[in-house]
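Q: the sequence and its predicted three-dimensional model are supplied below.
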Protein chains: 2
Amino acid sequence: MAKSKRSARKPAARSVKGASRSSHSGGERSRRSAPILRGPKGKGRAAPDGPYAALREELRQIATLAAVLTNISWDQETQMPPRGASLRAQQRQMLSAMLHERRTSRRFGDLLKAAESWAKKNGDGRIKADLRETRRDFDLATRLPTSLVAELARCASLGMEAWKEARQKSEFTLFLPWLKRTIELSREKARCLGVARGGELYDPLLDEYEPGMTAAAVKATFDPLRARLVPLIERVADSSRRPDIAPARVHTPIELQKAFVRFVCEKIGFDFNAGRVDESTHPFCDGFGPGDTRMTNRYRSDGWADALGTVLHESGHGLYEQGLPKEEHFGSPLAEPISLGIHESQSRMWENLIGRSSAFWRWAGTHARKHFAPALDAFTDADIHRAMNIVAPSFIRVESDELTYNLHIMLRFDLERAMVRQDLSPEDLPGVWNERIKSDLGLDVPDDRRGCLQDVHWSMGAVGYFPTYTLGNLYSAQFWEAMGREMPGREEMIARGEFAPVLQWLRDRVHSVGREFRAEELCERISGAPLSSDALMRHLERKVSAVYG
Amino acid sequence: MAKSKRSARKPAARSVKGASRSSHSGGERSRRSAPILRGPKGKGRAAPDGPYAALREELRQIATLAAVLTNISWDQETQMPPRGASLRAQQRQMLSAMLHERRTSRRFGDLLKAAESWAKKNGDGRIKADLRETRRDFDLATRLPTSLVAELARCASLGMEAWKEARQKSEFTLFLPWLKRTIELSREKARCLGVARGGELYDPLLDEYEPGMTAAAVKATFDPLRARLVPLIERVADSSRRPDIAPARVHTPIELQKAFVRFVCEKIGFDFNAGRVDESTHPFCDGFGPGDTRMTNRYRSDGWADALGTVLHESGHGLYEQGLPKEEHFGSPLAEPISLGIHESQSRMWENLIGRSSAFWRWAGTHARKHFAPALDAFTDADIHRAMNIVAPSFIRVESDELTYNLHIMLRFDLERAMVRQDLSPEDLPGVWNERIKSDLGLDVPDDRRGCLQDVHWSMGAVGYFPTYTLGNLYSAQFWEAMGREMPGREEMIARGEFAPVLQWLRDRVHSVGREFRAEELCERISGAPLSSDALMRHLERKVSAVYG
């Protein structure tokens, strides 16, 4: 079954943070010309009054333009012909610079200040949270010069094309200059953003994806997890039970897989009038804006389970994006995801906690057998459930099981952090990678394609992103336990294919709050406890006992 | 066989012409941040010196942004989920306004003036043509206020969604308010652009798509064509020969059609590393910029010939876009199509003059039989060729034959012109449409879906566009005769599947010249004669004689 994908880029509105100070007159102009108009006569919603409303209108317009950047980045990965890469890099660079200037303009600063003054008297808790997050974004953005933001965008676009070729040919040297440049630019970005006392350069990079998180805090979370994971993985290796992979690997036409996957997506609540699923080499999900959330998937003819796992994962992201209150608050932090860790908690919940559960397969088994008839006729729900939960080390992160997956993340965290600290030179990455895979998983990496070239992240300049995957695993398990306490009949509902209550629970507690709370606070509010590895380990131990005895 | 499609929107850089005067500081900013950079270190092409070079750099950047607008419009038609329409309309409106401001900024005017002064001493013929066309675009653009350009973009985006629904339900009243608004806005646009002495409001609308053309000139071209077409259509109706449609209508799996169509596209020279073919309800072709040209097609299982005809048509557009010297001149008129009539001449040449010729089928027949085996085994090349050339009236423009197609265009030209003149009220369109179909083609229109709601053009605000289809037919026939004189072995080459010489001839004479010449001048240079219906009628008469005796 497919494991985590690269996944859920945050909306470009957030992923291109940072900024310089120059004022951007374009803002005013477009504000005048782009109200939401409903009918042919152009009569429509007037901007509401007040300084807070004026700020929100500016945010909405910036988000509208940012969604264009997200759209052409999505296009680059799903549609664009190879020779379009140079034009696309220029476009991404140009739009990134325009957005950055507008997000950091003097005008924006003035609007924000006026809204803050107004809110002192008039704002409720949500408004104050909205302004707190807007202030955070603005302050971070204004520390980055536009030239750096534009250069990061250019490298993200061209670096990805170089990485594609390097990966395809398994030739690390083709990607090496771009990796060096990415580390160099990341260090420059981190210096601009600023490091807190006692912190390190990696922190501000991580903070972009997981606000408030530091390298030291990640390490303090990962170390105990690792200490409990490794013996559990050994217990599996020593077990005499060997579940049969066969049900997951039956050959099925890709058209049938697409139909099944769409059926499941619809059943769990993804709205296809407001989204779509495409194919791409590297599955991901982009929330463009109100009414438009796009996921991608990939298919192989020698097994349908990967495509299902991937789509459940991406649907978790997609449902979060569709559940954010964008109709009302588009552009404002109140309609944005809290962090990538929280985003990932949603994808992991659908992929692992639901999608690999025996309750789920009591429902989905029948539908899988029907869709792929007669290929699965010989297998019971329990056979399929076991096949979905095989634990075995793999070279490839996105093909790993729920246990070893986290070792992949720890490896990436350690190596990218070492590169940012200049303890590891990019030249030496393949060697160090391969040694670590050997010592962590006992595998000999056959080529860089299945080694350090497997992931897209560094090619798009995403340094500091990887830890959020394991943070997401931890959050998801903690939320899942809380949901279980509040919803005792959950397993039976899932076994009947009733997913609406689960989705509603997530909508109420996670999706609808936007960035009103930070991740840590949300975690405490929902689960009553700070983030730890306890819930995830309880889940994994139960699972291993069920499958491996 | 499929006839003309809606087809080949001009690059957004040209299709959103018109403009106001305010200066746009965004230009400068992006110019600094968006040079073409090649390597990870960001070293790359520096902008060349001189006032002409500075203007060209500004044009290149505007085109880079305009290609983003083209991309999201393409996305709206091929990818976007229905609920994304509102966000998309705001994005198109915002980008259109930004582009318009930049195209009409004081800065742009200054750059243009400086380049013109410089060119008086230093410019050669091509440079002078480049500046002549840039001046034309700028002068027209500065006559349009940004608010009007933004409103046109908004209506184009939302009007299209309304039209889709109206067409699907065959309910004209759903589209009527948008049609009224489109006519109203078109009249306003025409008034801003200005009418020459003795001209009419329709002229500046037509001139956008076909520079230099007027309603009176179109009428003077169409009237004699009509006078010769109608008797020829009657001759066909009276003929006792009835070619068999069967070869074009054999059921073939859509996957096989896609493979065949791609095979043919590649053979005639379309570069798939720099382009793609997708599916859409309404086939079209968009040239985004260097290395990225996108066509769409549609497929039906009860016949493969429509998909082939469509793709040959769109390939004609696509080959023109790929043949324009965009690597060198992107953004400048030297890398832009002359007019939609000339664009259409390229699509008609591949669709009709080549794709419906007996020489073509001596080559393609074998390949079609192989791709669709055994469905076509019973048919000879000549059988297929005859099936591709059946003349019979149809409700649907894009499904018409080479003869009656032009009557569809004349109808649309007359009715849209009448609406712009306010001689025809949009409310009365369905009735007048149906009467005219009856009198021209002898058919009773069963519903508006197969009547006045069939075409996308008016929904996207394209008034003045239709005549270019028939102008394209005339140009194509005239170019085709000229090519035949210069390339006596042409038919034999085509029958061997050697298309490179034909493509090279078009590259040299049409594609590579960009907008150096106006359409009329190009026509005279290539064919030695002004545009007339003579060549097309000779072609059609020969064809009718061959097929109908």
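A: Nice, I can see it.
Q: which bits of the stretch 201-350 of chain A sit near chain B?
A: Within reach of chain B by Cβ under 8 Å from any Cβ of the partner chain, the stretch 201-350 of chain A has these residues: A:271-276, A:278, A:288-292, A:330. Quick note: C-beta positions are derived from backbone N, CA and C, even for glycine.
Q: check the separation of the first and last residues in stretch A:329-343.
A: One end of stretch A:329-343 to the other measures 18 Å (Cα to Cα, to the nearest Å).
Q: contact partners for the closest residue to A:Leu376 other than its chain neighbours?
A: Leaving aside its sequence neighbours, A:Leu376 sits nearest to A:Arg369 (Cβ to Cβ, 6 or more residues apart in numbering or on different chains; 4.5 Å). Residues counted as contacts of A:Arg369 (Cβ atoms under 8 Å, 6 or more residues apart in numbering or on different chains) are A:Leu376, A:Asp377, A:Phe379.
Q: and these, which are buried?
A: A:Leu376, A:Phe379 (16 or more other Cβ atoms under 10 Å in any protein chain shown).
Q: pick the one among the contacts of A:Arg369 closest to A:Arg136.
A: Of all the contacts of A:Arg369, A:Arg136 sits closest to A:Leu376, with 49.8 Å by Cβ to Cβ.
Q: show me what contacts the closest one?
A: A:Pro247, A:Val250, A:Ala368, A:Arg369, A:Ile384.
Q: what is the burial count for the first one?
A: Think A:Pro247. A:Pro247 is flanked by 27 other residues according to other Cβ atoms under 10 Å in any protein chain shown.
Q: before we move on, what about the second one?
A: By the criterion of other Cβ under 10 Å, A:Val250 has 19 neighbours.
Q: over to the last one?
A: Other residues near A:Ile384 number 23, with proximity taken as other Cβ under 10 Å.
Q: where's A:Asp207, which helix or strand?
A: helix A:202-209 (DSSP states H and E).
Q: that older thread, of the contacts of A:Leu376, which belong to helices?
A: A:Ala368, A:Arg369, A:Ile384 (DSSP state H).
Q: in stretch A:180-187, what counts as buried?
A: A:Lys180, A:Arg181, A:Thr182, A:Ile183, A:Leu185, A:Ser186, A:Arg187.
Q: surely the third one meets A:Cys155?
A: I take that to be A:Thr182. Yes: using Cβ atoms under 8 Å, A:Thr182 is in contact with A:Cys155, at 6.2 Å.
Q: shared neighbours, these two?
A: A:Gly461.
Q: list just the nearest of the ones in helices among the contacts of A:Leu376 to B:Ala85.
A: Using Cβ to Cβ, the ones in helices among the contacts of A:Leu376 come closest to B:Ala85 at A:Ala368, 34.8 Å.
Q: measure stretch A:327-345 end to end?
A: Per Cα to Cα, stretch A:327-345 runs 23 Å from first to last residue.
Q: near chain B, which residues of the stretch 351-500 of chain A show up?
A: Near chain B, when you scan the stretch 351-500 of chain A using Cβ under 8 Å from any Cβ, you find nothing.
Q: low-confidence ranges in the stretch 351-500 of chain A?
A: Applying pLDDT under 70 to the stretch 351-500 of chain A flags no residue at all.
Q: identify, by residue count, the longest helix of chain A.
A: helix A:51-78.
Q: neighbours around A:Val420, how many?
A: By other Cβ under 10 Å, 22 other residues sit near A:Val420.
Q: ok, now how distant is it from A:Ala53?
A: Separation of A:Val420 from A:Ala53 (Cβ to Cβ, to the nearest Å): 41 Å.
Q: now A:Lys219
A: 43 Å.
Q: same check on A:Val236?
A: Relative to A:Ala53, and taking Cβ to Cβ, A:Val236 is found at 57 Å.
Q: phi, psi of A:Asp455?
A: In terms of degrees, to the nearest 10, the main-chain angles of A:Asp455 are phi -100, psi 150.
Q: that one reaches A:Ile409, doesn't it?
A: No: under the criterion of Cβ under 8 Å, A:Asp455 makes no contact with A:Ile409, lying 10.6 Å away.
Q: looking at these two, which one has more neighbours?
A: A:Ile409 (23 against 20).
Q: spatially nearest residue to that one, not counting backbone neighbours?
A: A:Thr470 (4.3 Å).
Q: and if you look at A:Val68?
A: B:Gln91 (5.3 Å).
Q: check which helix or strand the residue nearest to A:Ile409 maps to.
A: Going by DSSP H and E, A:Thr470 is in helix A:467-486.
Q: quick one, that helix and helix A:202-209 angle?
A: With axes from the mean of the first three to the mean of the last three Cα atoms, to 10 degrees as the basis, helix A:467-486 and helix A:202-209 are set at 50 degrees to each other.
Q: hang on, the earlier thing: out of A:Val236 and A:Ala53, which sits in the more crowded spot?
A: Applying other Cβ under 10 Å to A:Val236 and A:Ala53 shows that A:Val236 carries more neighbours, namely 20 against 13.
Q: by contact count, what packs against whichever strand or helix holds that one?
A: For A:Val236, the element it lies in under DSSP H and E is helix A:215-238. The contact analysis (3 or more Cβ pairs under 8 Å, 6 or more residues apart in numbering or on different chains; DSSP states H and E) places helix A:215-238 against helix A:202-209, helix A:404-420, helix A:467-486, helix A:534-548.
Q: now the longest one against helix A:215-238, angle please.
A: Between the direction of helix A:467-486 and that of helix A:215-238, the angle (the same axes, to 10 degrees) works out to 70 degrees.
Q: export the following helix or strand past helix A:467-486 as CSV, just CAs?
A: Downstream of helix A:467-486, the next assigned helix or strand under DSSP H and E is helix A:490-495. The C-alpha coordinates for helix A:490-495 follow below in CSV (Å, rounded to 0.1, in the frame of the first residue of the first chain):
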residue,chain,number,x,y,z
ARG,A,490,-16.8,4.7,15.3
GLU,A,491,-15.5,1.3,14.1
GLU,A,492,-19.0,0.0,13.4
MET,A,493,-19.8,3.2,11.4
ILE,A,494,-16.7,2.8,9.3
ALA,A,495,-17.4,-0.9,8.8
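Q: which SSE is immediately downstream of helix A:490-495?
A: Heading C-terminal from helix A:490-495 (DSSP H and E), you reach helix A:500-509.
Q: now stretch A:250-264: average pLDDT?
A: If you average the pLDDT over stretch A:250-264, you get 96.
Q: show me where chain A has its strands.
A: A:275-279, A:285-289, A:292-297 (DSSP state E).
Q: A:Val510: which of the ones you listed is closest?
A: Going by Cβ to Cβ, the one of the strands of chain A nearest A:Val510 is strand A:285-289, 14.2 Å.
Q: buried residues in that closest one?
A: Buried, per 16+ other Cβ under 10 Å, within strand A:285-289: A:Cys285, A:Asp286, A:Gly287, A:Phe288, A:Gly289.
Q: got CSV for these, with pLDDT too?
A: Compiled in CSV, the buried residues of strand A:285-289 are given as follows (pLDDT from 0 to 100):
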residue, pLDDT
A:Cys285, 96
A:Asp286, 96
A:Gly287, 97
A:Phe288, 96
A:Gly289, 97
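Q: with that, I have no additional questions.
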